[in-house]
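Enquirer: next comes the sequence, and after it the predicted model I'd like to discuss.
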2 protein chains.
Amino acid sequence: MTQHNTIFLVSDRTGITVEGLVRTLLTQFEQVPAERVVRPFCDDVDKVEHVVAEINAAAEADGAPPLVYSSIVDTELRDRLKRSRGQVFDIFDAFLPALSKSLHMRSSDRVGQTHGIGDYEDYDRRVEAVNFALSYDDGARLKGLDEADLILIGVSRSGKTPTCLYLAMQYKVLAANYPLTEDDFLEGRLPDPLKPYKPRLFGLSISPERLHQIREERRPGSRYAALPQCRQEITAAENLYRTQGIPFVDSTNMSIEELAIEIMQRVGVDRKI
Amino acid sequence: MTQHNTIFLVSDRTGITVEGLVRTLLTQFEQVPAERVVRPFCDDVDKVEHVVAEINAAAEADGAPPLVYSSIVDTELRDRLKRSRGQVFDIFDAFLPALSKSLHMRSSDRVGQTHGIGDYEDYDRRVEAVNFALSYDDGARLKGLDEADLILIGVSRSGKTPTCLYLAMQYKVLAANYPLTEDDFLEGRLPDPLKPYKPRLFGLSISPERLHQIREERRPGSRYAALPQCRQEITAAENLYRTQGIPFVDSTNMSIEELAIEIMQRVGVDRKI
């Protein structure tokens, strides 16, 4: 029997938390044949009733109750959602009472600011970190590098830029990056501008095959992209990391998130929650 | 009575999902006086037992059971965590059985790849989107602009760059941005390079006071940062959006996430889950 399912993600704000939850749950299944419907900013009766109508229509069409994952703070709106023909799982319902009890605090029942601007100061620090990552991308700038929380090093296309931007965007980390080139390898030592910052350096490595594949996309058939070249650069980079005692990670099978978290953990950069 | 609490966030992967959950829950309380401890990559008995020991030590020190939010797929590891002196809430425990039942599918109990690399294709599209946002930042490039899923426009420092980078990083959206300048306002029309792409344009606005504050940080005392200048630019930008029929949003009280989600929704860019 092939049954059609619909999964609704409903939130009074962005829905990013519910999105993360559903993604995580779905990793536990092979190819889920369910349509995903995301409905953010459902913060009044009209919007919630509109979604309820959509859920009911899907229940009718599917011949099965849709799964509804929600983060809706207002209990009246949540109750309306629960009166739909969907099977509703709300994260506040699931976790808030126990948290409230444990903290000996009452929850405010106000729409949250998880992914809201919070305060300007917080926003400003975040944008500042993004601008820092952009200014100090690929060794573009050296003046002021001592402000960096960490400096990623690695050969071209090993994942430095997206990782720095992610660290900045999500964790307000001031992350610079600096490319390792053949000249550095010939010298067999750290590029001069990096020497004062050795404790903040972190190396990226990657399998030569994967690097080859990435570089081929960019410059097909070039010496730059050739497998022997990639192999040579990676060997030299890892040698440099080892001889200089610089921690490093192989990014081949890691996502940007995994790289960011691993690096923060190993460098000891605080991950504020 | 001031009681000290500790909240543990434990995951077999990055812990980003649990982080989002806990952040969302904590928005419901004023200033939670609880220490947060994040423990990612707890994917074997040793690592879990290490965290169990930390939880038990915190229970002893706090005189109260720590709250433990976890995402641990392996049931044996999860059970070990639950035998700690913490009050454990695992998202798989909470949501997986019902999901499994509804989908008529068995879950795999394998460590997930929510924030894992998944497949190279996915990673590549993401990095491509980030590179696109970088190449097409602030009108830096026009050739190939027709590949953009959307083009953000707005005055300097209205939030274009971080929003584009976020859209690229999280949703693989090809987002370009183009600055509106005084010349454009004098002409009272769209910059020429943008004319072919009108349906993909989205405007950012911001309160003059907030823009003034942001620009002052950057160039204190300048004409650029002066409040009358900010006021004039914002009025002109909003006039342009209205006369040209370009949708726009006021970013003053919005986070980067909220901007990104709102824009995707209004432009009709698919938010793949």
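Expert: Looks like it arrived, so ask away.
Enquirer: what residues does the stretch 151-273 of chain A have near chain B?
Expert: The stretch 151-273 of chain A comes close to chain B at residues A:159, A:161-162, A:165-166, A:169, A:210, A:213-214, A:217, A:253-258, A:261-262, A:265, A:271-273, as judged by Cβ under 8 Å from any Cβ of the partner chain. (Each C-beta comes from the backbone N, C-alpha and C, glycine too.)
Enquirer: out of these, list just those in helices.
Expert: In this view, these that belong to helices under DSSP state H are A:161-162, A:165-166, A:169, A:210, A:213-214, A:217, A:256-258, A:261-262, A:265.
Enquirer: A:Asp44: what's its closest spatial neighbour, skipping adjacent residues?
Expert: Leaving aside its sequence neighbours, A:Asp44 sits nearest to A:Leu77 (Cβ to Cβ, 6 or more residues apart in numbering or on different chains; 7.6 Å).
Enquirer: let me redo that: A:Leu204
Expert: Computed as Cβ to Cβ, 6+ apart, the closest residue to A:Leu204 that is not its neighbour in sequence is A:Gly154, at 3.5 Å.
Enquirer: bridged to the one you found, which residues?
Expert: On the basis of DSSP bridges, A:Gly154 is bridged to A:Pro179.
Enquirer: which ones are touching A:Gln213?
Expert: Contacts were defined as Cβ atoms under 8 Å, 6 or more residues apart in numbering or on different chains; by that measure A:Gln213 touches B:Tyr120.
Enquirer: low-confidence bits of the stretch 1-150 of chain A, can you list those?
Expert: A:1-3, A:109, A:111-118 (pLDDT under 70).
Enquirer: how about the helices in it?
Expert: A:16-26, A:45-62, A:75-82, A:91-103, A:120-135 (DSSP state H, counting those that start in this stretch).
Enquirer: ok, A:Gln28 touching B:Leu103?
Expert: No: contact criterion Cβ atoms under 8 Å: A:Gln28 and B:Leu103 do not qualify, at 10.0 Å.
Enquirer: can you name the residue of the stretch 151-273 of chain A nearest chain B?
Expert: Per Cβ to the nearest Cβ, A:Glu257 is where the stretch 151-273 of chain A lies closest to chain B, at 3.6 Å.
Enquirer: can you give me the neighbour number for A:Ala53?
Expert: A:Ala53: 11 surrounding residues under other Cβ atoms under 10 Å in any protein chain shown.
Enquirer: give the contact list for the residue nearest to A:Asp44.
Expert: Contacts for A:Leu77 (Cβ under 8 Å, 6+ apart) come out as A:Asp12, A:Cys42, A:Asp43, A:Asp44, A:Val45, A:Val48.
Enquirer: 10 Å instead?
Expert: A:Val10, A:Asp12, A:Cys42, A:Asp43, A:Asp44, A:Val45, A:Lys47, A:Val48, A:Glu49, A:Val51, A:Ser70, A:Val111 (Cβ atoms under 10 Å, 6 or more residues apart in numbering or on different chains).
Enquirer: what's the answer for A:Ala98, then?
Expert: B:Leu25, B:Leu67, B:Gln87, B:Phe89 are the contacts of A:Ala98 under Cβ under 10 Å, 6+ apart.
Enquirer: among those residues, which are in reach of chain A?
Expert: B:Leu25, B:Leu67, B:Gln87, B:Phe89 (Cβ under 10 Å from any Cβ of the partner chain).
Enquirer: from those residues, which two are the most distant?
Expert: The most widely separated members of the ones next to chain A among the contacts of A:Ala98, counting by Cβ to Cβ, are B:Leu25 and B:Gln87 (13.4 Å).
Enquirer: against A:Gln213, how distant is the nearest residue to A:Leu211 once chain neighbours are set aside?
Expert: Nearest residue to A:Leu211, sequence neighbours excluded (Cβ to Cβ, 6+ apart): A:Cys230, at 4.3 Å. Distance, A:Cys230 to A:Gln213, using Cβ to Cβ, to the nearest Å: 9 Å.
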